[in-house]
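A.B. asks: A predicted structure for the sequence below; I have some questions about it.
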Amino acid sequence: MPEKEKKIKVKKGTPIAQSVPRELLPEIVAARIGDTAVDLSFIPDRDEEAELISADTEDGLRILRHSAAHLTAQAVLSIYKDAKLNAGPPTEDGFYYDIQMDPISLEDLGKIEARMKEISARKLKIERIEMTREDLEKKFAQNRFKLDKIVAKVKPGQRSTVYRQGDFEDFCTGPHVPDTSYLGAVKLLSVASTNYLGDVNREKMVRIYGTAFPDRKSLEHYLAMRDEALKRDHRKIGQEMDLFTFNSERAPGFPLYAPNGQWIRSMMVGFMKNLNEKYGWQEVWTPHLFKDTMWKQSGHYAKYKDNMYLFQLSDGDSYAIKPMNCPGHITIFERTMYSYRDLPVKYFEAGTVYRYEKSGEVGGLTRPRAFTIDDGHAFLRMDQMVAEITAVLAMVREAFSAFFESPEMIYDLSVIDKENYDNYLISYHCNSCNTISDIRKAAVEELRCPACGSTGLEPDFRRWDAATDALRMALQSNGIPYKEFPGEAAFYGPKIDIHVKDALGRSWQLSTVQLDFFMPINFELSFINEQGKKETPVMVHRAIYGSYERFLVILLESYAGRLPTWLSPLQCYVVPVSQSFSQYGQKVAEALKARGIRTVLDDSNETMNRKIRNVRRLRPSYIVVVGAKEAESNTVSVRNRDEKQSVHELDRFAEALEKEIDERRIQQTL
RNA sequence: GCCGUCGUAGCUCAGCCUGGUAGAGCGUGUGCUUGGUAAGCACAAGGUCGCGGGAUCGAAUCCCGUCGACGGCUCCA
């Protein structure tokens, strides 16, 4: 969204609104002086330059939506007198308000929304009122959620603000739109429950979700997109296309792929195998079970045992079904002694992992209990890090360009939060014996030097810094824009996560590239360096699709199931006009199948119209109709995914289609 | 795991509030029809109403429990 640059001069002693050009006023919601966003009613105490914030900018929308949250709260309070407000922030595409009240249902939203419209139409002025902490405490004495916030955010003796519209007041720093008439295009969307401060032991709250836009039209557009997203839900499309099933009694949370779904999967797996080989990754296979001792060594057991499928055999040995592929790949790396000349050693596998997700967390293919990662692990020398990460980034771009016309990719660099490192595996330097040890503080009872038992340990971030620098370098030298997120790193190292935006503007986290110095240490991995000495390699963990399941979701939802032909489980559906042309239909189907085109001939005793109607849910790439005309001229009458019809000579058609599939064309050629 | 909503035929859903042993459309099967690009006609099969328990003469319907799905919260190596 382009930020509109509108700067105006504002005069000391007069509200900003008075200096805003009259024609702009309806779309301006607030202003920025320096770095601070302020209300239009703000009166500067000296002449200033102010930047106008219009409702269609990112900041403007947030202000508008936050004001809409206030409006929601006002409406709720006017209907449900006992409701107690907690907080109502804007979100990425709307807002919510958390309110302690009796549960309400979707039907109740209409009533609340109607009240909101009324209030909006009254054009209530939204006023900012400064108060002392003591006055705030008095005003919100009946609401301990607000009191908590006042205590937490306003120091004794300090002042803060309340926003008032009509009889409604909320503790809030603002800014807000000038009056409620700016909130004409609002919509309440859903209701959910939550707990105060996200803590299951605290009070239950009702969360009302909604959104707001500067005008009716953009709201309508948003709602249309939202409807479209619902229509494209992969669970619905997967059902229609007969791709997969879930059996909630036999295997809750585990997808089972039917033939059509498995066909798509194998296309994706095959594509990834080629891509990996092109970039020098070698395919391996690892078992689905390992003894728990390995998971203890890798550190996964300590951190994730609650999410692992663990079991014990009658002889007493304990096993875990793999929740990760890396220890398996490490085990393969360990089988032999590598020379520095052999590095990088790069293994990949379409590795299915099993994670026990808690009951409320599973959902469709986006959060299954078993999923397959296009997993790769590289073992490198320090001097190979930047080059290898650069190569992985290129691989990612190549992969996504094959599936999407012009994929929009967003890069996040997740780094350690040095203020808050207990959860990370880092090196500690012992002040009394100078030993360096690698410890994750959160996983041990007490932080002690393993060599001398001293508690005088200093964190040493040098390895984290080197890894982070390598990732930054790879991004920067390729001119890739990225954002850094402190505290988001994996426990063993920093990572780059790559998000892709889909057709409906939603962004999905897919690829991840992680650097890891610690797993090689845990497993005492080594290679022989130029000096003939053992040296510890660096590991890169990377996945490109992320998981096949998630990637399938994105493909299905962004193409609404109408996949590029090479990925389509039903490439040609041959319909003879009547059974008297079954023979020619068969000839056509055979010709297509001979070229490896997935073809189904429907010579059943049904009308052509019904066949076409019923096959649509399967999203065939091409519907091929044949009758007297076609049989005579050896042609086919073809309808593509966009309902475009055309007639082709049979061989020409088969040839073109074969080419379209071989070249993995995204668009249809006919 | 927590909160809320929901669970009836392969699919989509009605019936539940106000108890009297189950309904529609699509799909499936059979027959008729032999058709020119999204609804030709007829008949039929198909459900112990997620599972378990309770109160009732009687439960899909009311109550309790349980499993599961969905929307959120928390989590996501």
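C.D. replies: Noted; the coordinates are in hand. Numbering: from 1, shown residues only, chains lettered A, B, ... in the order given.
A.B. asks: contact residues of the stretch 351-500 of chain A facing RNA strand B?
C.D. replies: With the criterion set to CB under 7 Å from any atom of the strand, the stretch 351-500 of chain A comes near RNA strand B through A:R355, A:E357, A:K358, A:S359, A:G360, A:E361, A:V362, A:G363, A:G364, A:R367, A:A490, A:F491. C-betas here are computed from N, CA, C, even on glycine.
A.B. asks: filter those to the buried ones?
C.D. replies: Buried subset of those (neighbour count, 16 or more other CB atoms under 10 Å): A:R355, A:V362, A:G364, A:A490, A:F491.
A.B. asks: A strand includes A:Y97, no?
C.D. replies: Yes: judged by DSSP: H, G, I helix; E, B strand; the rest coil, A:Y97 forms part of a strand.
A.B. asks: how about it: what's its closest non-neighbour residue?
C.D. replies: A:G88 (3.5 Å; CB to CB, 6 or more residues apart in numbering).
A.B. asks: and that neighbour, how far from RNA strand B?
C.D. replies: 14 Å (CB to the nearest atom of the strand, to the nearest Å).
A.B. asks: then A:Y304?
C.D. replies: Distance, A:Y304 to RNA strand B, by CB to the nearest atom of the strand: 3 Å.
A.B. asks: tell me the pLDDT at that residue?
C.D. replies: Per-residue confidence at A:Y304 stands at 87 (pLDDT).
A.B. asks: ok, A:K4 next?
C.D. replies: 48.
A.B. asks: how would you label A:R207: helix, strand or coil?
C.D. replies: Strictly by three-state DSSP, A:R207 counts as strand.
A.B. asks: these two touch, right, A:L515 and A:M473?
C.D. replies: No: when contacts are counted by CB atoms under 8 Å, A:L515 is not listed as touching A:M473 (11.5 Å).
A.B. asks: which one's more surrounded, those two?
C.D. replies: More crowded of A:L515 and A:M473, by other CB atoms under 10 Å: A:L515, with 30 against 14.
A.B. asks: apart from its neighbours in sequence, what residue is nearest the more buried one?
C.D. replies: Per CB to CB, 6+ apart, closest to A:L515 is A:A467, 4.0 Å.
A.B. asks: how about A:S19?
C.D. replies: Nearest non-adjacent residue to A:S19, counting by CB to CB, 6+ apart: A:V10, 4.6 Å away.
A.B. asks: then A:A474?
C.D. replies: A:I389 (3.9 Å).
A.B. asks: who's in contact with that neighbour?
C.D. replies: Counting by CB atoms under 8 Å, 6 or more residues apart in numbering, A:I389 touches A:A470, A:L471, A:A474, A:I496, A:V513, A:L515, A:V540.
A.B. asks: ok, now A:A442?
C.D. replies: By CB under 8 Å, 6+ apart, the residues touching A:A442 are A:D422, A:N423.
A.B. asks: and what about it, helix, strand or coil?
C.D. replies: With three-state DSSP as the basis, A:A442 sits in helix.
A.B. asks: and what of A:K217?
C.D. replies: Three-state call for A:K217 (three-state DSSP): helix.
A.B. asks: that one and A:V154: what is the separation?
C.D. replies: According to CB to CB, to the nearest Å, A:K217 and A:V154 sit 40 Å apart.
A.B. asks: and the two? Which one has more around it.
C.D. replies: Per other CB under 10 Å, whichever of A:K217 and A:V154 has more neighbours is A:V154, with 20 against 10.
A.B. asks: tell me the contacts of the closest residue to A:E27 other than its chain neighbours?
C.D. replies: Among residues not flanking A:E27 along the chain, A:S54 sits closest, at 4.8 Å (CB to CB, 6+ apart). A:S54 sits next to A:K4, A:K6, A:L24, A:E27, A:I28, A:V29, A:G60, A:P214 when contact means CB under 8 Å, 6+ apart.
A.B. asks: what does A:S54 show for phi and psi?
C.D. replies: Main-chain dihedrals, A:S54, degrees, to the nearest 10: phi -90, psi 160.
A.B. asks: give me the beta-bridge partners of it?
C.D. replies: A:I28 (DSSP bridges).
A.B. asks: how far away is it from RNA strand B?
C.D. replies: A:S54 is 28 Å from RNA strand B, where distance means CB to the nearest atom of the strand.
A.B. asks: with A:F518 instead?
C.D. replies: The spacing between A:F518 and RNA strand B, counted by CB to the nearest atom of the strand, is 12 Å.
A.B. asks: if I look at the most centrally placed residue in chain A, how far off is A:I498?
C.D. replies: A centroid search over chain A (CA atoms, centre = their mean) returns A:W508, at 3.3 Å, as the residue closest to the centre. To A:I498, A:W508 is 10 Å away according to CB to CB.
A.B. asks: wait, what's in contact with the residue nearest to the centre of chain A?
C.D. replies: Contacts of A:W508 by CB under 8 Å, 6+ apart are A:H499, A:V500, A:K501, A:D502, A:R550, A:I554.
A.B. asks: am I right that it is in a strand?
C.D. replies: Yes: assignment of A:W508 by three-state DSSP places it within a strand.
A.B. asks: how's chain A carved up into domains?
C.D. replies: Each domain of chain A is listed here as a residue range: A:7-51, A:58-230, A:565-662, per automatic domain parsing.
A.B. asks: if we can go back for a sec, list the contacts of the residue nearest to A:S19.
C.D. replies: Neighbour list for A:V10: A:I16, A:S19, A:A31, A:I33, A:P44, A:D47, A:E48, A:E49, A:A50 [criterion: CB under 8 Å, 6+ apart].
A.B. asks: show me which of those are buried.
C.D. replies: A:I16, A:S19, A:A31, A:P44, A:E48, A:A50.
A.B. asks: quick check: closest non-adjacent residue to A:C326.
C.D. replies: Nearest residue to A:C326, sequence neighbours excluded (CB to CB, 6+ apart): A:H377, at 5.5 Å.
A.B. asks: secondary structure element holding the one you found?
C.D. replies: Assigned by DSSP states H and E, A:H377 belongs to strand A:370-380.
A.B. asks: what does A:W295 give?
C.D. replies: In the assignment (DSSP H and E), A:W295 maps to helix A:292-298.
A.B. asks: against which helices or strands is the next helix or strand after that helix packed?
C.D. replies: Per DSSP H and E, helix A:292-298 leads on to helix A:300-304 as the next helix or strand towards the C-terminus. Applying 3 or more CB pairs under 8 Å, 6 or more residues apart in numbering; DSSP states H and E, one finds that helix A:300-304 contacts helix A:292-298.
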